[in-house]
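# My questions are about this predicted structure, shown below with the sequence.
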Amino acid sequence: MTEQVQKSEIRDHHKKAITYLVNRIGQDSEYLAVIIAGSVAKGIAREDSDIDCYLVVNDETFQDRKQRDHLFYYAEEGCDYKGGYYDGKIINYDFLKAAAEKGSEPTRASFEGAYVAFSRIPNLDELVSRISVYPEDSRERNFKDFFAQVELYGGYFADRALVLNNTYLLSHAVSQVALFAGRLILTYNRILFPCHKSMMNTLERVQDKPVSYLELQDAMLTMPNKETISAFIECIRSFHDWGITPHESVSRFIVNNEWNWLDGEPPISDR
């Protein structure tokens, strides 16, 4: 049984809550480890931030919980501060091994800064540290895949939406353009896509991106028309050679959006 020294950047009331969780979980043999993640683990939490965690259980317990749709851990007891609670996910060791080998970017990003607060598993720290490593081998493929999404949603689908006055399709198209343009910028900078909730904050901090990127994106999202969409796409197109032609983009879009069920990969928006 091991317990890692908690980081000095963590607020005292969060440390106290983590200690409570470790002591409570450590008494139950079904639990093999506690991994602290999120803003608390990164040392950037607010006073009232919840405590994100992964609770590692044995395989039998994991399968039982999975069948009962009981993989979410929520508790307030032990978080003795205003707004405090534990926000946890129940996983097993195989999940961690799979995440290190083939985890989606949001999954990898959720382990950034994470640390093992308690473990019955030898060398778990080393495995956890490998999960949040940027998947370099998929970078060039993502350039092509993501730019194909920008081209098709910002071209064909946005055009059809404007011609047909289809506000639903237009809203969907520009949101997809914003998403995959953002994924391109993050990929270019070798930054993991965190999740939709955190993407804008992450992009604001990225230094290497097109001039007026955020302003052009906001104009497209708030006033979607031919001019604002074209201006945003052009800033992406001229920023880097993404390695794919317009004709190839259509083929890539079909494979990723209409035939993705063939390979069983995660949706392109999350991988």
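Looks like it came in fine.

# Can you classify the residue nearest to the spatial centre of the chain as helix, strand or coil?
For the chain, the residue nearest the mean C-alpha position is P106 (2.1 Å; Cα atoms, centre = their mean). Counting by DSSP: H, G, I helix; E, B strand; the rest coil, the backbone at P106 sits in helix.

# what do you get for F118?
Applying three-state DSSP: F118 is strand.

# and it, how far is that from L21?
Distance, F118 to L21, using Cβ to Cβ, to the nearest Å: 8 Å. Glycine gets a C-beta too; all of them are placed from N, C-alpha and C.

# what do those two both touch?
V34 (Cβ atoms under 8 Å, 6 or more residues apart in numbering).

# ok, for the residue nearest to the centre of the chain, nearest residue in space, not its chain neighbours?
Spatial nearest neighbour of P106, chain neighbours left out: C195 (5.0 Å); criterion: Cβ to Cβ, 6 or more residues apart in numbering.

# What is the neighbour count of the one you found?
Close neighbours of C195, defined as other Cβ atoms under 10 Å, add up to 13.

# Who are the contact partners of it?
106, 109-110.

# Then F143?
F143 touches 184, 187-188, 240, 242-244, counting by Cβ under 8 Å, 6+ apart.

# name the element it belongs to?
Using DSSP states H and E, F143 falls within helix 139-152.

# buried set for that helix?
142-152 (16 or more other Cβ atoms under 10 Å).

# Selection in PyMOL covering whichever of the contacts of F143 are buried, please.
Remark: buried members of the contacts of F143, expressed as a PyMOL selection using 16+ other Cβ under 10 Å:
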select buried, resi 184+187+188+242+244
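
# what ranges do the helices span in the protein?
Ranges of helices in the chain, per DSSP state H, are 12-25, 38-42, 59-67, 93-102, 105-109, 124-131, 139-152, 158-164, 167-188, 196-205, 213-222, 226-237, 246-253.
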